[in-house]
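Chemist: Here is my input, please return the structure:
(one chain, ligands or ions: 1)
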Amino acid sequence: MTRAVLTHPRLVSLEGGEGAGKTTAIAAIRACLQARGHEVVLTREPGGTPLAERIRDLLLDPRGEKLEAETELLLMFAARAQHVRQVVRPALQRGAYVVSDRFTDSSYAYQGHGRGLDAEWIAELERRAVGLKPGLTLLLDLDVREGRARISGRDLWPDRIEREQDDFFERVRAGFRQRAAAEPERFRVVDAGRPPAEVGAAVDAALAAWLDGQA
Ligand code: T5A
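Modeler: The predicted model follows:
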């Protein structure tokens, strides 16, 4: 049986490479939606439920045995299946906006483009384990070295994925940009190389224009 991936207008995702400023930009998204009187649920991937947060810990812990690319992909989707059923769908059903710091596009970019896993396999997991995609995805696009420089001052103990080399993150960035070009109605690309206040204003403007277009 073919399962469809439905686009939900109240599911908004924020994507980007390491240190792109997602955490900072999410405040602008919440403020914009709340100013219009909407309930907002902020969440993140991998994570968002107690079990999915435990899977996140497994995924990001740099210690122990090497995590194979296939294992990494399946753990991302195990966390996502739990997150979608326990948090995302119930919130959408009661009328809230769900703003997710990363969603399935990260699996296409990191595990697909970054690790080289088959996009059709990821699409099959998306159809079977997720079944939903955001109505709006804000992609914070940033030079790889600049993103890494931003987080290098913060992280004394980089996580397992942050330890990858620049060429991995260049493939991830190209993957995000390719997805944005393929789905221009869903993606808005924001230049994240500017000061935080300017990035926040650009995120706010992109979201407001998109919401006005929905009305
Ligand atoms: N992952 C995730 C996959 O491989 N597949 C998947 O399917 C999913 C869902 C965890 C990791 O999991 C991977 C991707 C990740 O490697 P994460 O927690 O979102 O995902 O990890 P990061 O992207 O690494 O999160 P960061 O916190 O590092 O980045 P943010 O949230 O984009 O950046 P933020 O806002 O914390 O800012 C980073 C630093 O930069 C400064 C901030 O003050 C902060 O110090 N900063 C700026 N500095 C200058 N100018 C600006 N405009 C700035 N904006 C922020």
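Chemist: Let's see the longest helix anywhere in the chain as PDB, backbone CA atoms only.
Modeler: Across the chain, the longest stretch assigned as helix under DSSP state H is helix 196-214. Extracted in PDB, the C-alpha atoms of helix 196-214 (Å, rounded to 0.1, in the frame of the first residue of the first chain):
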ATOM      1  CA  PRO A 196      21.200  37.900  15.000                       C
ATOM      2  CA  ALA A 197      18.700  40.800  15.000                       C
ATOM      3  CA  GLU A 198      18.700  40.900  11.100                       C
ATOM      4  CA  VAL A 199      18.300  37.100  10.900                       C
ATOM      5  CA  GLY A 200      15.400  37.300  13.400                       C
ATOM      6  CA  ALA A 201      13.700  40.100  11.300                       C
ATOM      7  CA  ALA A 202      14.100  38.100   8.100                       C
ATOM      8  CA  VAL A 203      12.600  35.000   9.700                       C
ATOM      9  CA  ASP A 204       9.700  37.100  11.100                       C
ATOM     10  CA  ALA A 205       9.100  38.700   7.600                       C
ATOM     11  CA  ALA A 206       9.200  35.400   5.800                       C
ATOM     12  CA  LEU A 207       6.800  33.800   8.300                       C
ATOM     13  CA  ALA A 208       4.400  36.800   8.300                       C
ATOM     14  CA  ALA A 209       4.300  36.800   4.500                       C
ATOM     15  CA  TRP A 210       3.600  33.100   4.400                       C
ATOM     16  CA  LEU A 211       0.800  33.400   7.100                       C
ATOM     17  CA  ASP A 212      -0.800  36.300   5.200                       C
ATOM     18  CA  GLY A 213      -0.700  34.100   2.000                       C
ATOM     19  CA  GLN A 214      -2.600  31.300   3.900                       C
END
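Chemist: Sort out which residues of that helix are buried, please.
Modeler: Within helix 196-214, the residues that count as buried by 16 or more other CB atoms under 10 Å are 199-200, 202-204, 206-207, 210-211. All C-beta spots, glycine's among them, are computed from the backbone N, C-alpha and C.
Chemist: The ligand: which of these is nearest?
Modeler: residue 199 (4.6 Å; CB to the nearest ligand atom).
Chemist: Which pLDDT value goes with the residue most central in space within the chain?
Modeler: By CA atoms, centre = their mean, the chain has its centre lying nearest to residue 102, at 1.5 Å. We have a pLDDT of 98 for residue 102.
Chemist: Make 296 the starting number, not 1.
Modeler: Got it, the first residue is 296 from now on, which makes the last one we talked about residue 397.
Chemist: Enumerate every residue touching it.
Modeler: 308-310, 317, 339-341 (CB atoms under 8 Å, 6 or more residues apart in numbering).
Chemist: ok, now residue 367?
Modeler: Counting by CB under 8 Å, 6+ apart, residue 367 has contacts 354, 406, 410.
Chemist: With that, I have no additional questions.
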